[in-house]
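>>> Fold the following, please.
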Amino acid sequence: MYQILKKEVLNPTVTLMEIDAPMVARKAEPGQFIILRADEEGERIPLTIADYNREKGTVTIIYQIVGATTEALNHLEEGDSLHDFVGPLGRATETEGKKKVAVVGGGVGCAIAYPVVKKFHEQGAEVHAIVGFRNKDLVILEDEFRANSSKLFLMSDDGSCGEKGLVTDALKRLIDSGEKYDEVITIGPLIMMKFVSKLTKEYGIKTVASMNPVMVDGTGMCGGCRLSVGGKTKFACVDGPEFDAHEVDFDEAMERSTMYRPFERKAHEETCNLFRKEVR
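The predicted structure follows:
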């Protein structure tokens, strides 16, 4: 059993948990993920490793409450335990040999971007972090990004925090001002990553996108996480989750990502109703 050592609400829909998982922490690297089950009868869901501490033997996850499992997970408290916590899975972010990078995160995807920023920073690279949110109430990890970035650019749709605008506005301004990047890493909503990729392709800048499609087993057997990359079928769980952004078929990925939303909403509603009945 994997005990929850810390639980912190980051915003109304996003929660951080620190899990006692020494075997996972020993091998974890930025870019990788775990698959967990909240209880014995729960479904398996993938969550990116947001941070880890090898000495303490802990792994940090950050999740958004969108479906039945994340709703159930959010009802657990410090001291409770998860039934399964498997990982690390997937390929780690390639950070070696890069001197200057831009990491572009959006929304809850910033939880995935943070360990990447931190790793580059620890290796001595110059890191420009560009993070975007809809408004100030949804901002997460601002202090952590600031502490591990050479420069931080905070963007918001409504201008309630940082600068009003899109992450692509900030990235374009930096490139046009003469900044030269070995690589751009983008992590967040598919539509955001699509337009970051489109922008960097115009400038010929190598770009990596972290993909997060529907996933079941995490070993490449179910095929649920398949993507088209460079005209070939790839599986995010074993071939990724990071891919050459200029070769990813984002339109196909966006279409596939909507397939299960009606089921997800229905399951979420049923789970919420179940917890309400238990409270009564």
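>>> hmm, which helix or strand of the protein has the shakiest average pLDDT?
The weakest-scoring helix or strand in the chain, judged by mean pLDDT, DSSP states H and E, is helix 261-279 (a mean of 63).
>>> wait, is V108 part of a helix?
Yes - counting by DSSP: H, G, I helix; E, B strand; the rest coil, V108 falls inside a helix.
>>> pretty sure it is touching Q64, no?
Yes - V108 is in contact with Q64 according to Cβ atoms under 8 Å; the separation is 4.5 Å. Where you see a C-beta, it was placed from the backbone N, CA and C, and this is true even at glycine.
>>> Between those two, which contacts overlap?
Residues touching both V108 and Q64 (Cβ atoms under 8 Å, 6 or more residues apart in numbering) are V14.
>>> Same drill for these two, tell me which one is more crowded.
Neighbour count, other Cβ atoms under 10 Å: between V108 and Q64, V108 has more, with 24 against 19.
>>> Who are the contact partners of the more buried one?
So V108 contacts 14, 62-64, 140, 188 (Cβ under 8 Å, 6+ apart).
>>> and if you look at F243?
Per Cβ under 8 Å, 6+ apart, neighbours of F243: 208-209, 211, 227, 229, 234.
>>> My reading is that A111 lies in a helix. Confirm?
Yes - assessed by three-state DSSP, A111 belongs to a helix.
>>> Please work out how many residues are found near the residue lying closest to F250 once chain neighbours are set aside.
Using Cβ to Cβ, 6 or more residues apart in numbering and skipping residues adjacent in sequence, the residue nearest F250 is K194, 3.9 Å away. For K194, the neighbour count with other Cβ under 10 Å is 19.
>>> my guess is K194 contacts E252, does it?
No - the criterion here is Cβ under 8 Å, and K194 misses it with E252 at 11.0 Å.
>>> quick one: low-confidence ranges for the stretch 151-280 of the chain?
259-280 (pLDDT under 70).
>>> For it, which segments count as helices?
Under the criterion DSSP state H, counting those that start in this stretch, helices of the stretch 151-280 of the chain are mapped to 167-176, 190-203, 236-239, 250-257, 261-279.
>>> Give me the distance from the first one to the chain's centre.
With Cα atoms, centre = their mean, to the nearest Å as the basis, the distance from the averaged C-alpha position of helix 167-176 to the chain average is 21 Å.
>>> repeat for the fourth one
Offset of helix 250-257 from its chain centre (Cα atoms, centre = their mean): 17 Å.
>>> now stretch 227-234
Per Cα atoms, centre = their mean, the centroid offset for stretch 227-234 relative to its chain is 21 Å.
>>> before we move on, what about stretch 101-108?
With Cα atoms, centre = their mean, you get 9 Å for stretch 101-108.
>>> for stretch 121-140, same thing?
12 Å.
>>> Let's see the distance spanning that stretch from one end to the other.
Length of stretch 121-140, first residue to last, Cα to Cα, to the nearest Å: 19 Å.
>>> Nearest to the spatial middle of this protein, which residue is it?
I112 (3.3 Å; Cα atoms, centre = their mean).
>>> Surely E96 forms part of a strand?
No - secondary structure of E96 (three-state DSSP): coil, not part of a strand.
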